[in-house]
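In: predicted structure and sequence below. I'll ask about it afterward.
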Amino acid sequence: MKLTLTQRLSVVFAVLLLICSSTSAWLQVRSNRMHELEVVQGVSRDLAAHIARDTQLMDADGLKPDAVRNLFGQLMLVNPSVEVYLLDIEGRVVGNAAPSGHLLRDRVDLAPIRRFLSGAMLPILGDDPRSVDARKVFSAAPLKANGTQTGFLYVVLLGEAHDVFDAKDATGMALKIALWCIGLVALLCLLAGLLAFAWITRPLRQLTDKVGRFDINGAPKPAENIAPTSDSGDEIAVLDHAFMQMENRLGEQWRALTRQEQERREMVANISHDLRTPLASLHGYLETLSLKDATLSAEERRRYLGIALDQSRKVGGLAQSLLELVRLEHGFVQPVLEGFSLPDLVQDVFQKFELSAEARGISLSASLPAQVPAVMADLGLIERVLTNLLDNALRHTPVNGDVEVLLAVEADSVSVTVSDSGPGIDAELHEGLFLRAFTIGGARRDGGLGLRIVHRILQLHGRSIRLVERPGRGATFTFSLERRASVR
C-alpha cells in the first residue's frame, strides 16, 4: 500500500514520538528507582554502625550465636525487608538468619563495602547473598574484638521480603502518575503533530491537485493574473507561483501555435487560390494559342501572348515573395548594417515606379528636410521595404491620385512615412495587418505578403512599422531607422 507524504510524515513522527516516550518512561522509572535506593541507603547509612556499636556479636573466640539470633529476630520484627549478615575479614558469610536453602552465596564482594565505608556517593550496590547475581543497597560496619577487626556487619536494606512485595506490581502512586502524564503528553503531541502535518502539507496537496488537473493535451484555461511572490521563504508558495507561470506560459504558447497554425492554413489556402487563377489563365491562353494557331491573326496572337506573359509574371512574383518571406522568417537573411543616405534611396526607388505612376496619372512626391543625417541599416533590405510600401500604395491609389514619402529627423533616428490618397484600410482589418498575409476575418486584400515582408525586415533591424491615421489621406505607414553616429 502506497502512503501519501502526509501519511509517511505522520508514521515517522508517531514512531519517533513512541521511541521518545518509551525512553522518557524508562528514564523516569530508572531515575525513580535510583532515587528510592539513594533515599533508603541514605536514611539507613548508619544502621550497621549502630548495631555493631550497641551489640556484641563477636568476641575473641568468634561468633556469639545467641547474640546473633536475638539481633536477627528483633530486626525482622521492626523491618521485615532488612537482612543481616556477619562477614569475616575476607567477606565470607559466617552468620545469617536465612531460611534453609535461601542462601545462594557464601562470599560477598568487599569492594562496594570499602567504598561505602569511605563515604562514596550513594547509592552503592553490593552483593545479595540470597541471589546469584542480584545487587542491592546495604549498610555496613566493621566488627572489632579487643581492638582488632574481625569482620563486617553487612545489612541488606531491601531484602527478600521487599522483592516479594515489589513483584506484586506495587508501583508507587507518584510513579504511576508520572507514567500516565508521559502517556497523556505523548498522545497530545501525536494529535498536535498530525494536525501540524496536515496544515503544513495542505498547500502541497493543493498544488498536487492543481498539477493533476493540468491536461497537457487539452485546451488551456484563460491566463490568470499572478501576484508577485513574497519574501517569506515559503518554498511551496514559490513552487506554486512557478507552476502558475509555467501554466500561463504554456497556454500562451498553445494559443500562439494555434493562431500560427490557422494563419498557415489560411496562407496555404490563399496562396493556392492566388496561384491557381493566373496559372489557369496562363494555361488557357497557351492552350488557345496551341489549338488555334493557324486561325489566329498576328494581333490576336500578340494579345494572347501578352496576357500569358503577364500571368506568368504574377506567378513568378508570388513565388519570389514566398521564397523571400521564408528566408526572412527562418533566419537565412541577416542585415548587414552600413551608413547610407535615405533621400538618395527614396529617389532611387521613385525611379522604379516613375513610368507605372505616370501611366496611371499618379504623382510621386517626397518631403525631405534640408539636412537628413545618414542612417545605419541594410541598404538592400530597406530598399525592399520602400519598394513594397510604394507598390502597395500605387495599387490602391485611384487615377490622378498621389503617393507621398515624408522624412523627419528625430533625436536618435530618422522616421519614414509613406501615405497615399486612396480609400485607406478598414478599421476591422487593422488587427494583425502585418502578420496575416492574405485575409483578416475573411476579407480579401492584395499585397499581404509585401506587408509581412516589410514587418519582418524591420524586426531584423530592431524596429517596427505602424499604420497611423492622417487626416485627408488614405493608408499611412510609418517606421524609423537608427541614425549613424557622427564621425569626428
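Out: Ah, there it is.
In: the longest helix along the chain - what's its average pLDDT?
Out: Taking DSSP state H as the criterion, the chain has its longest helix at helix 235-291. Confidence over helix 235-291 (mean pLDDT, whole number) is 77.
In: please apply the same query to stretch 182-191.
Out: 81.
In: also stretch 344-353?
Out: The model assigns stretch 344-353 a mean pLDDT of 92.
In: any chance you could list what contacts that stretch?
Out: 364, 366, 368, 379, 382-383, 386-387, 390-391, 394, 405, 407 (Cβ atoms under 8 Å, 6 or more residues apart in numbering). For glycine as for every other residue, the C-beta is placed from the backbone atoms N, C-alpha and C.
In: hmm, try it at 6 Å
Out: 364, 366, 386-387, 390, 405 (Cβ atoms under 6 Å, 6 or more residues apart in numbering).
In: picking up where we left off before, now do the longest helix of the chain: which elements does it pack against?
Out: helix 202-213, helix 298-329 (3 or more Cβ pairs under 6 Å, 6 or more residues apart in numbering; DSSP states H and E).
In: could the ones you listed be laid out in CSV, adding mean pLDDT, mean neighbour count and distance to Q149?
Out: Below are the helices and strands packed on helix 235-291 laid out as CSV (pLDDT from 0 to 100; neighbours: other Cβ atoms under 10 Å; distance: least, Cβ to Cβ, whole Å):
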stretch, mean pLDDT, mean neighbour count, distance to Q149
helix 202-213, 73, 12, 77
helix 298-329, 82, 14, 114
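In: switch these over to CSV; also include distance to R470.
Out: What follows is those, written out as CSV (distance: least, Cβ to Cβ, whole Å):
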stretch, distance to R470
helix 202-213, 50
helix 298-329, 27
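In: wait, which of those helices is closest to G101?
Out: When the helices and strands packed on helix 235-291 are compared by Cβ to Cβ, helix 202-213 sits nearest G101, at 69.0 Å.
In: tell me which strands and helices that closest one is in contact with?
Out: Helix 202-213 packs on helix 235-291, going by 3+ Cβ pairs under 6 Å, 6+ apart.
In: picking up where we left off before, by how many degrees do the longest helix of the chain and helix 298-329 diverge?
Out: 160 degrees (axes from the mean of the first three to the mean of the last three Cα atoms, to 10 degrees).
In: tell me what angle helix 235-291 forms with helix 202-213.
Out: 20 degrees.
In: L18 versus V185, what's the distance?
Out: 13 Å (Cβ to Cβ, to the nearest Å).
In: which helix or strand contains L407?
Out: L407 belongs to strand 402-409 when assigned by DSSP states H and E.
In: note down every partner strand of that strand and its orientation.
Out: strand 363-367 (parallel), strand 413-420 (antiparallel) (DSSP bridges).
In: using CSV, lay out those together with mean pLDDT and distance to I113.
Out: Shown next, in CSV, are the strands paired with strand 402-409 (pLDDT from 0 to 100; distance: least, Cβ to Cβ, whole Å):
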stretch, mean pLDDT, distance to I113
strand 363-367, 92, 124
strand 413-420, 93, 108
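In: nearest to S464, out of the ones you listed?
Out: strand 413-420 (11.9 Å).
In: now that closest one: buried residues?
Out: Buried residues in strand 413-420, counted by 16 or more other Cβ atoms under 10 Å: 413-414, 416-420.
In: of these, which pair is most distant in space?
Out: S413 and D420 (23.4 Å).
In: setting aside sequence neighbours, what's the nearest residue to R384?
Out: Spatially, and ignoring its direct neighbours in sequence, R384 is nearest to I457 (6.3 Å; Cβ to Cβ, 6 or more residues apart in numbering).
In: brain fart, A186
Out: S21 (3.9 Å).
In: so how many other residues sit close to the residue nearest to S81 when sequence neighbours are not counted?
Out: Of all residues not flanking S81 in the chain, H162 sits nearest, at 3.9 Å (Cβ to Cβ, 6+ apart). Each residue near H162 was counted by other Cβ atoms under 10 Å, and the total is 19.
In: what helices or strands is the longest strand along the chain leaning on?
Out: When the chain is parsed with DSSP state E, its longest strand is strand 135-145. With contacts defined as 3+ Cβ pairs under 6 Å, 6+ apart, strand 135-145 has these neighbours: helix 5-43, helix 47-54, strand 58-59, strand 148-156.
In: which of the ones you listed comes out lowest on mean pLDDT?
Out: When I compare the helices and strands packed on strand 135-145, strand 58-59 is least confident, with a mean of 60.
In: what about N388, distance to D109?
Out: 113 Å.
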